[in-house]
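Trainee: Provided below are the primary sequence and the corresponding predicted coordinates.
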Amino acid sequence: MADLELDCKAISCPMPIVRVAKAVKSMTPGQTLEVQATDPSFQADIEAWARRTGNELVSFTTQDDVHSALIQLKG
């Protein structure tokens with residue numbers, strides 16, 4: 001179970017990543033964030049964001065057009 005869950009379903013790019021960036025500011029290194037989104041470009045966006053910020057994309061799954069990303073903050 002993630003330390004924080006973020007529901008970004010039904011919002012379009014770039015807002016899921018904007019919300020992720022805002023959420024991680026309130027978190028501490030080592031914590032995990034689970035994000036759910038329906039935007040079709042979310043996978044590419046979250047992968048690029050993780051590379052750019054140094055945070056780890058632990059897993060990414062898609063079920064019924066809902067994408068779920070589990071991110072661990074760099075620590």
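Mentor: Sure thing, it's come through.
Trainee: which parts of this protein are strands?
Mentor: 4-8, 32-37, 56-63, 66-72 (DSSP state E).
Trainee: got a markdown table for the ones you listed, with distance to Ser26, mean pLDDT and mean neighbour count too?
Mentor: Quick note: C-beta positions are derived from backbone N, CA and C, even for glycine. Formatted as a markdown table, these follow (distance: least, C-beta to C-beta, whole Å; pLDDT from 0 to 100; neighbours: other C-beta atoms under 10 Å):
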| stretch | distance to Ser26 | mean pLDDT | mean neighbour count |
| --- | --- | --- | --- |
| strand 4-8 | 8 | 98 | 16 |
| strand 32-37 | 10 | 98 | 21 |
| strand 56-63 | 18 | 98 | 13 |
| strand 66-72 | 14 | 98 | 20 |
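Trainee: list the residues that contact the residue of the chain most remote from its centre.
Mentor: Residue farthest from the centre of the chain, counting by C-alpha atoms, centre = their mean, is Asp64 at 17.7 Å. Contacts of Asp64 were listed using C-beta atoms under 8 Å, 6 or more residues apart in numbering, and none were found.
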